[in-house]
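Chemist: sequence plus predicted model, see below.
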Amino acid sequence: MPGAALGFGAVLALGLRRPAMGALLLIGALGVGVGGNAARSDRECMARERQPFKCRTAYEPPAFLAPFRDRAGEAIDTYFASDAGLVRALLIADTKDLDPQIRDRYADAGIVHMLSISGLHVAIVSGAMLLLLQAARLPAAAARWAGLSLVLLYVLIIGAPPPAVRSAVMIGAQVVSLALQRNTSPWAALAWGGGIPLFYQPRTAVDLGWQLSVSGFAALIAGRSVAERVLPPSLEGWRRKIGSELVVSVVASFATAPLVAWHFGRVSLVAPFANIAAGPVISLLQPTLFLGLALAWWPSAASLVAAASYPMVRAFDLVAAAGAALPWATLHAAPSLVTAVALGVACVAVLAACVSHFWERAALAALAAVATAAFAPAPSTGVLEVHMIDVGQGDAIAVHTPRGRWLLFDAGRGDDKRDAGKTTIVPYLRARGGPLVLFVLSHPHADHAGGASSVLQAMRPEAYLDAAFAGGSTPYRLSLAAAQSLGVTWRRARTGDVIDVDGVRLRILAPDSAWTVGLTDPNLASVVVRLEYGGATMLFTGDAEAAEENWLIARAPALLRADLLKVGHHGSGTSTGEAWVAAVQPRAALVSVAARNFYGHPDPAVMRRLSAYGASVLRTDQLGSIVATTDGDGWSMQAAGVRWRLR
């Protein structure tokens, strides 16, 4: 979240002396300064990457530490096999190959912060090391220093991710304070742990792992403080322990909710209970995984430890699955910048109320901030974006309205090996924020409907529109079943209908029932839509072929003229005929196609035909995802990290 460090600086300053308060706010201001540049860097990365969610979640270590982390990753792949993706996340902060479905499940359950190495994981490993060293009858002081040395070595081996550095610094502060026999405020320790990564890498301020780690520990301190005040003295033993953990979990869930909503588009309502259930499991699992990695030089022992960790990994995942499966477990959200800032203020105020004896003013400030977030109108940017998402050999085009909502045309390919909806489309939309309000399926072939079921289940649009062509594919039938079970309104695309969403007009040009009644090929019954926003226009064609093109030319030639053309059937020679190009006269032609596909798409003759009419031809196999932006008066194009004005 851009500028989040300023809010965290204020949080950390709550329990500190005035000099530390000034230093923390200075660090926060530094975070604000780098936030904009980091956000721009993320957007440029998203334009290049074919799986753009990696740009926001993957941590890359410094070059001199990368080889150590790579070797650790290879050891994990060797010994943990099918669980390697999850173990990589838990041990070395490597989430690049983590299945998005797993990440979504943990976000729904409210324990996504446990998925990647954090202060919690390092603290657990440190505690386990200290216990073993003391069991070996090492003197207490020597055990603390030896444990700290091993923790620092571990942090370096895994690439020094900011949350791990934060925890290591705090453990070091505790060891030093014990050696000097001086008390140290936990807020001061958190200030050092959270602030030091910002000095050697300012971009850390917009790193989700750092944000969750710092806010989570601040909530831990505040939660323990309020638990001591609100729990009755008569509550003792294990009952008091559970009550205290529940209070801390509620405070932590509230403190991290804006971050999770901003990055993952949801807020978990079951997070307090899921965290209590997952806590004991991760406390056993993390040291076991660390032991397996430490014994990588001894294959037999490493394999034995990896096998012993399997039931704990399954139990950990079961907590996430059970939490995510509960009714009303998650509220899907799409916070604007204003809403996110208001909720951030609310979190700071709640933490202040937790640690203060005079909590009334802070509580009122929190309520006011929550009310501001709840009733803040959705901002209108006046800008429309069209994203042709690179899904390989298939179609998926997302329209981002001026009020921050999404309209999705098709959902890419889906089969046993790859589901474009799950792996690419949903992460792409969530990385940019905003709810999906309308899904339009051009026709039921698997390269357009394959990811539809996953998209519907994850994004839950208000409506589903398609041509209702008789028959269809298995993915199409699955998408209809998903829509019915989720309560998504289904309607047939009717020629002549106009749908208005946030000032964006979708005019349905084809097909009509008279045209489709004698057809056997779904391509010829593709839903054709003309998008209109101010004076800017675009034509969506699905896989419409020459017969449907000619039918449209004869029926509504005046409505075919458009600035942008989504080229039919991936540029196949069966579509985009001479008369069609002359009728549309596009300034840019967008082709969704996979590199080196065995269909031979796109047809060179079609590409030459479009170029001859002056259209700029943009292909996903050459450029990756393509973004077109308009304020209603002209189009700007962006692809492969380059942006230009369409003439």
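Modeler: Cool, got the structure.

Chemist: may I see the buried residues of the helix or strand harbouring Leu367?
Modeler: Using DSSP states H and E, Leu367 maps to helix 360-375. Of all the residues in helix 360-375, those buried under the rule 16 or more other Cβ atoms under 10 Å are Ala362, Ala365, Ala366, Ala369, Val370, Thr372, Ala373. (C-beta placed from N, C-alpha, C; glycine too.)

Chemist: any idea which helix or strand comes after that helix?
Modeler: With elements assigned by DSSP H and E, the helix or strand that comes after helix 360-375 is strand 384-388.

Chemist: that next one pairs with which strands?
Modeler: Pairing partners of strand 384-388, with direction, according to DSSP bridges: strand 397-400 (antiparallel), strand 626-630 (antiparallel).

Chemist: and the next helix or strand past the first one?
Modeler: Following strand 397-400 in sequence order, the next helix or strand is strand 406-409 (DSSP H and E).

Chemist: give me the packing partners of that next one, helices and strands only.
Modeler: The elements that strand 406-409 packs onto, with contact taken as 3 or more Cβ pairs under 8 Å, 6 or more residues apart in numbering; DSSP states H and E, are strand 397-400, strand 436-441, helix 452-459.

Chemist: can I get it as PDB, trimmed to CA atoms?
Modeler: Extracted C-alpha coordinates of strand 406-409, given in PDB (Å, rounded to 0.1, in the frame of the first residue of the first chain):
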ATOM      1  CA  TRP A 406     -14.600  -4.800 -13.900                       C
ATOM      2  CA  LEU A 407     -16.400  -6.200 -16.900                       C
ATOM      3  CA  LEU A 408     -14.800  -9.500 -18.200                       C
ATOM      4  CA  PHE A 409     -15.200 -10.800 -21.700                       C
END
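
Chemist: what residues does the helix holding Leu367 touch?
Modeler: Contacting residues not belonging to helix 360-375 are listed as Pro335, Val338, Thr339, Ala342, Leu343, Val345, Ala346, Ala349, Val350, Ala352, Ala353, Ser356 [Cβ atoms under 8 Å, 6 or more residues apart in numbering].

Chemist: mind doing that once more with 7 Å?
Modeler: Contacting residues not belonging to helix 360-375 are listed as Thr339, Ala342, Leu343, Val345, Ala346, Ala349, Val350, Ala352, Ala353, Ser356 [Cβ atoms under 7 Å, 6 or more residues apart in numbering].

Chemist: considering those residues, which possesses the most neighbours?
Modeler: When neighbours are counted as other Cβ atoms under 10 Å, the busiest of the contacts of helix 360-375 turns out to be Leu343, with 26 neighbours.

Chemist: who does the host helix or strand of Val338 touch, helix- and strand-wise?
Modeler: Using DSSP H and E, the element containing Val338 is helix 337-355. Helices and strands touching helix 337-355, by 3 or more Cβ pairs under 7 Å, 6 or more residues apart in numbering; DSSP states H and E, are helix 4-13, helix 208-230, helix 237-264, helix 360-375.

Chemist: closest to Ala420 out of the ones you listed?
Modeler: For the helices and strands packed on helix 337-355, distance to Ala420 was read as Cβ to Cβ. The smallest value, 19.5 Å, belongs to helix 237-264.

Chemist: that closest one vs helix 360-375, what angle?
Modeler: Regarding helix 237-264 and helix 360-375, their directions subtend 40 degrees when assessed with axes from the mean of the first three to the mean of the last three Cα atoms, to 10 degrees.

Chemist: need the helices and strands packed on strand 406-409 in TSV with distance to Trp238 and mean pLDDT, can you?
Modeler: Written out in TSV, the entries for these read as follows (distance: least, Cβ to Cβ, whole Å; pLDDT from 0 to 100):
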stretch	distance to Trp238	mean pLDDT
strand 397-400	50	96
strand 436-441	45	95
helix 452-459	39	92
